[in-house]
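Trainee: coords please:
(one chain, ligands or ions: 1)
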Amino acid sequence: MTATLEVTELRKQFAIGRPAIDGVSFMVPAGEIVVLLGPSGCGKTTTLRCVAGLEHPTGGEISISGRVVSSPGRGILVPPRSRDLGMVFQSYAVWPHMTVRQNVVYPLKHRPIGRAEANRMVEEALALVGLSEYADRPVVALSGGQMQRVALARSIVYRPQLLLLDEPLSNLDAKLRLRLRDDLRVILKQTGMTALYVTHDQAEAVVLGDRIGVMRDGRLLQMDKPDTIYNRPADLFVANFTGATNELAGTLVACNGGYGVVDFGDGRQGEVALLHALGPDDKVRVALRPENIAIGRPDGANTFAAKVLDRRYQGTQTAYSIELFGKRLEAIELGTAARHQVGVEAPVSLPRECLWAYRDRGPLSHD
Ligand SMILES: Nc1ncnc2c1ncn2[C@@H]1O[C@H](COP(=O)(O)OP(=O)(O)OP(=O)(O)O)[C@@H](O)[C@H]1O
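Mentor: Next comes the predicted model:
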């Protein structure tokens, strides 16, 4: 059985400081992987710990498969062990004096499961994480990645309805992290489990999540599919946190449905996408990802004169610094040839759907 998770207006105020969570609401349908992504201190771990029952919320409600498990307003607080969930943490949290099999069978010992059935469940969990051949090895004779697989097998062996993962890959070296990241999604999808996964790593979130929730200062800014988060970020913070972003300042001079015209100064005007409500004369910041700048390919109204300042050849792509509207911007061109010389003037085109205008709220702070 796999669960739906519903978090409604969750609030957590510790004894000191501003609220760690400040009105967070989201829903995870059965079988979906949702990743909470955000910088250190944004409240993602506290959210996860509230779902686990390890932290007592100050307000709001948490339901697992329709059953309210936390509701301070109604005096409900179901203890962690009665929530039917599995947890995987940053630290490997395996029993060092036991073998792989002994570690994985451990959670079943406290459940009414016969030996033959327990063995079958252990074999299945080990097969899922790719450790069948290591069953009788002491866990101390494993690599970090393998130990984390043991921890994963141990938390899925009893098939909890909900799996909570808090930065499970962050103690692994870079290469292993990439491998396990890819494997983890396959494993989770094979189990069909609902999962809530916490990370500050944007690439991890994109690979693992069916949906990503971006958090900042205790608030959930946007929850959407990875490509929507990347291609239609709700605000400048989300745009910056989820990928490289250039910014141009300007004033909105006209609106037309989902698009508008921005004056970038000196009469230079361009069409932009309006991702939230804005009106004429609003000061805006326009975000633009480096890969959406097409150098040397004039294309329609949004074509402007630019100059190539610098280039860094990177094999499968070339990174350029260009000057546009008196500002230094970063551009990336895919392909194995570096096509533009430093110092040349070249037209650049900026597709209007890739220029995202947001209300100018002053200097950006990244965390
Ligand atoms: N036990 C506590 N007492 C007081 N404040 C706390 C406590 N635990 C967390 N906080 C504060 O709550 C806020 C959110 O912390 P949380 O650990 O949820 O952030 P996070 O996004 O998971 O960060 P990280 O990636 O660094 O773990 C932070 O400002 C933190 O200092």
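Trainee: does S132 really touch L126, like I thought?
Mentor: Yes - under the criterion of C-beta atoms under 8 Å, S132 lies in contact with L126, with a separation of 4.9 Å. Using the backbone N, CA and C atoms, a C-beta is placed for each residue, glycine as well.
Trainee: Write out the residues of the stretch 51-200 of the chain neighbouring the ligand.
Mentor: In this structure, the stretch 51-200 of the chain approaches the ligand at residues H200, judged by C-beta under 6 Å from any ligand atom.
Trainee: So for S132 and L126, which residue has more residues nearby?
Mentor: Applying other C-beta atoms under 10 Å to S132 and L126 shows that L126 carries more neighbours, namely 21 against 14.
Trainee: per-residue pLDDT, the more buried one?
Mentor: Looking at L126, its pLDDT is 92.
Trainee: helix, strand or coil for it?
Mentor: Of the three states, L126 takes helix under DSSP: H, G, I helix; E, B strand; the rest coil.
Trainee: May I have the residues that are in contact with it?
Mentor: Contacts were defined as C-beta atoms under 8 Å, 6 or more residues apart in numbering; by that measure L126 touches V100, R101, V104, S132, Y134, A135, A153.
Trainee: Using CSV, lay out the residues you listed together with pLDDT and secondary structure.
Mentor: Shown next, in CSV, are the contacts of L126 (pLDDT from 0 to 100; DSSP: H, G, I helix; E, B strand; the rest coil):
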residue, pLDDT, secondary structure
V100, 95, helix
R101, 95, helix
V104, 94, helix
S132, 93, helix
Y134, 94, helix
A135, 94, coil
A153, 91, helix
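Trainee: Out of those, grab the one that's most surrounded.
Mentor: Within those, V104 tops the neighbour count with 30 neighbours, counted by other C-beta under 10 Å.
Trainee: Double-check that one against V150; I have them as touching.
Mentor: Yes - taking C-beta under 8 Å as the definition, V104 is a contact partner of V150 at 6.6 Å.
Trainee: Tell me where the protein is predicted with low confidence.
Mentor: Within the chain, the stretches with pLDDT under 70 are 1, 92, 363-367.
Trainee: now the helices: where do they sit in it?
Mentor: The residue ranges that make up the helices of the chain, judged by DSSP state H, are 44-52, 100-105, 115-128, 144-156, 174-191, 202-208, 226-231, 236-242.
Trainee: Including distance to I293, could the ones you listed go into JSON lines?
Mentor: Converted to JSON lines, the helices of the chain look like this (distance: least, C-beta to C-beta, whole Å):
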{"stretch": "helix 44-52", "distance to I293": "32"}
{"stretch": "helix 100-105", "distance to I293": "50"}
{"stretch": "helix 115-128", "distance to I293": "43"}
{"stretch": "helix 144-156", "distance to I293": "38"}
{"stretch": "helix 174-191", "distance to I293": "28"}
{"stretch": "helix 202-208", "distance to I293": "20"}
{"stretch": "helix 226-231", "distance to I293": "15"}
{"stretch": "helix 236-242", "distance to I293": "15"}
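Trainee: now the closest residue in space to R185 that isn't next to it in sequence: how far from I332?
Mentor: In this structure, R185 finds its nearest non-sequential neighbour in L208, 5.1 Å apart by C-beta to C-beta, 6 or more residues apart in numbering. The gap separating L208 from I332 is 24 Å, by C-beta to C-beta, to the nearest Å.
Trainee: Give me the more crowded residue out of the two.
Mentor: Neighbours around L208 and I332, counted as other C-beta under 10 Å, are more numerous at L208. The numbers are 24 against 17.
Trainee: residues in contact with the more buried one?
Mentor: L208 is in contact with I33, V35, R181, L184, R185, L188, Y197, T199, counting by C-beta under 8 Å, 6+ apart.
Trainee: Would you pull up the residue in the stretch 151-300 of the chain closest to the ligand?
Mentor: Across the stretch 151-300 of the chain, the shortest distance to the ligand (C-beta to the nearest ligand atom) belongs to H200, at 5.2 Å.
Trainee: Over to that residue: give its phi and psi.
Mentor: Per-residue torsions, H200: phi -110, psi 10 (degrees, to the nearest 10).
Trainee: In this structure it contacts P39, no?
Mentor: Yes - because the distance of 6.0 Å satisfies C-beta under 8 Å, H200 is recorded as touching P39.
Trainee: between the two, which one's more packed in?
Mentor: A count of neighbours by other C-beta under 10 Å puts H200 above the other of H200 and P39, at 19 against 15.
Trainee: Sounds good, over and out.
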